[in-house]
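*Asks:* below are the sequence and a predicted model for it; my questions follow.
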Amino acid sequence: MNQRLNLPDFELKISEREGKRQLWDPIRMKYVAITPEEIVRQGFVSFLIGEKKYPASHISNEQAIVLNGMNRRCDSVVYDKNGCPKVIIEYKAPTVVLSQKVFDQISKYNFVMHVDYLIVSNGMNHYCVKMNYDNCTYSFLTDIPYYNEL
């Protein structure tokens, strides 16, 4: 990757498979296509595990959901120790602006998941909102919460 991300350094395990370069996703336990969005995902998940103390076993990448009768996938979902979803994360390539459209996308996923936190990241900028369902509001946080704060 040519562009340096606004994330702590992380290592990518890259392999040549069937004539294509792929990278290892330790969460899904398989090789996946190398895309700018996937590199952001790997860097952000590494940050969550290493810096914010999220257990790798509580993170799901490409989590399938059904929204309005259509199959969709959340980029990452973080679960609590009881298996309840707490965070949805949406990744974009570093060149993609994190616009209202991105927040609209993750908000639609939250109709199904009903989590406490929504995070969007393009590897350069990261935004986290905490939902307040009692008041039907949300607030932007200044930092990504540690796992024990979820």
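*Replies:* Good, I have the coordinates.

*Asks:* all helices of this structure, in order?
*Replies:* Assigned helices in the chain, in chain order: 36-50, 100-113 (criterion: DSSP state H).

*Asks:* single out the most deeply packed of these.
*Replies:* Highest mean neighbour count of these: helix 36-50, a mean of 21 (counted as mean count of other CB atoms under 10 Å). Using the backbone N, CA and C atoms, a C-beta is placed for each residue, glycine as well.

*Asks:* centroid-wise, who is the farthest residue in the protein?
*Replies:* Distance to the chain centre peaks in the chain at G19, reaching 28.2 Å (criterion: CA atoms, centre = their mean).

*Asks:* quick one: that residue from Q100, how far?
*Replies:* Note on G19: its distance to Q100, by CB to CB, to the nearest Å, is 40 Å.

*Asks:* cool, and T35?
*Replies:* Distance from T35 to Q100, by CB to CB: 23 Å.

*Asks:* tell me which helix or strand of the protein sits lowest on mean pLDDT?
*Replies:* Within the chain, confidence by mean pLDDT, DSSP states H and E is lowest for strand 14-17 among all helices and strands, at a mean of 89.

*Asks:* okay, which residue is most central for this protein?
*Replies:* I89 (3.2 Å).

*Asks:* could you list everything that one pairs with in the sheet?
*Replies:* Per DSSP bridges, the residues bridged to I89 are S76, I119.

*Asks:* so for it, what's the pLDDT?
*Replies:* Looking at I89, its pLDDT reads 98.

*Asks:* go on, V102?
*Replies:* The predicted local confidence for V102 is 93.

*Asks:* what of the one 5 residues further on?
*Replies:* S107 carries a pLDDT score of 92 in this model.
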